[in-house]
Structure formats: structure tokens, C-alpha cells
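Peer 1: Dropping the sequence and predicted coords here.
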Amino acid sequence: MRKMIRGAAAFATATAAVLALGGTAGAHPADAWAGCPDGAVCIYPQNQNPAVKPSQIYYSYGAHNLSNQFGNHWVLNNQTGGASASLCYGSGGGNCGNPIAAGTGVYADLGPINSITLNRP
């Protein structure tokens, strides 16, 4: 009888440990999209497809100059409230392409891109 009680207690402890670890190990905030936090625009490492972990995260509106970004990268706009982002050929936000709408992303060659802008809605 003691063996059965000890076995049941050991099983219950192991089950609780697995549930506790399994419940949090893969958890991500509900507002993160491919590791990009809510309210941010994220650039992912070259050729990371699918996008998993960003290498650059931008939160503030305005222009942000890029450096050493070559080849294809995912750029995800996880801003809220309809804010957009633009990839720009010039530094300081000059000569920008079409806006990237909130909740969308593009897979783009960043070689000719020199800056990114986060645009107020």
C-alpha cells in the first residue's frame, strides 16, 4: 500500500512539474508577433525565413538610419492605431517607398535601403 501511495505521489509531482514547465516554456505575450513587441517595427536577420527573432526593434516615430543591412530581411510593422512604416532609399527618411500598414510586413532587399521611418497615423 505504501509503495502505491509513494508511486502516486511521485507521479503527481512529476505531472505538476511537466505542466508547470510546459505551460510557460513556449508562452509569448499575446501582443508579440514573431517576437516583435506590440507597438514596434522589427527588422529580422538576413534570410531568416520565417521571421522568428528580430535583430532590430524600433519604437519611436521618425527616421532611423540603417547600417550593415544587406540582402533579404523581414520587416514587420506591429505598431498600433494605424501607424505605418516606410523603407527609404535616402538617409534620414528621404526618398521613401510605399508605407507598410500596421499589422503587415514585407520581405525586402535592404541593400539599397538606408533608413526606415515610423509614421504617425
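Peer 2: Everything's here; your move.
Peer 1: which residue packs closest to the most centrally placed residue in the chain, ignoring adjacent ones?
Peer 2: Against the mean C-alpha coordinate of the chain, by Cα atoms, centre = their mean, the closest residue is C36 at 2.1 Å. Counting by Cβ to Cβ, 6 or more residues apart in numbering, C36 lies nearest to C42, which is 3.7 Å off, once chain neighbours are set aside. To be clear about C-beta, it is placed using only N, CA and C from the backbone, and glycine gets the same treatment.
Peer 1: swap in G81?
Peer 2: Nearest one to G81, counting by Cβ to Cβ, 6+ apart, is P121 at 5.3 Å.
Peer 1: That neighbour and D109, how far apart?
Peer 2: In this view, P121 and D109 are 27 Å apart by Cβ to Cβ, to the nearest Å.
Peer 1: So for those two, which residue has more residues nearby?
Peer 2: D109 (13 against 10; other Cβ atoms under 10 Å).
Peer 1: Which per-residue confidence value corresponds to that one?
Peer 2: In the prediction, the pLDDT value recorded for D109 is 97.
Peer 1: Show me the beta-bridge partners of it.
Peer 2: N72 (DSSP bridges).
Peer 1: do N119 as well
Peer 2: Per DSSP bridges, the residues bridged to N119 are S84.
Peer 1: Also N78?
Peer 2: A40.
Peer 1: List the contacts of it.
Peer 2: Contacts were defined as Cβ atoms under 8 Å, 6 or more residues apart in numbering; by that measure N78 touches D31, A32, W33, C36, P37, D38, G39, A40, V41, C42, A102, G103.
Peer 1: I'd like to know which of the residues you listed is nearest to G94.
Peer 2: V41 (17.9 Å; Cβ to Cβ).
Peer 1: quick one, what contacts that closest one?
Peer 2: Per Cβ under 8 Å, 6+ apart, neighbours of V41: I57, Y58, V75, L76, N77, N78, Q79, A85, I100, I116, L118.
Peer 1: OK, contacts around the fifth one?
Peer 2: If I follow you right, that is N77. Applying Cβ under 8 Å, 6+ apart, the residues near N77 are V41, A83, S84, A85, I100, A101, A102, G103, T104, G105.
Peer 1: No further questions, thank you.
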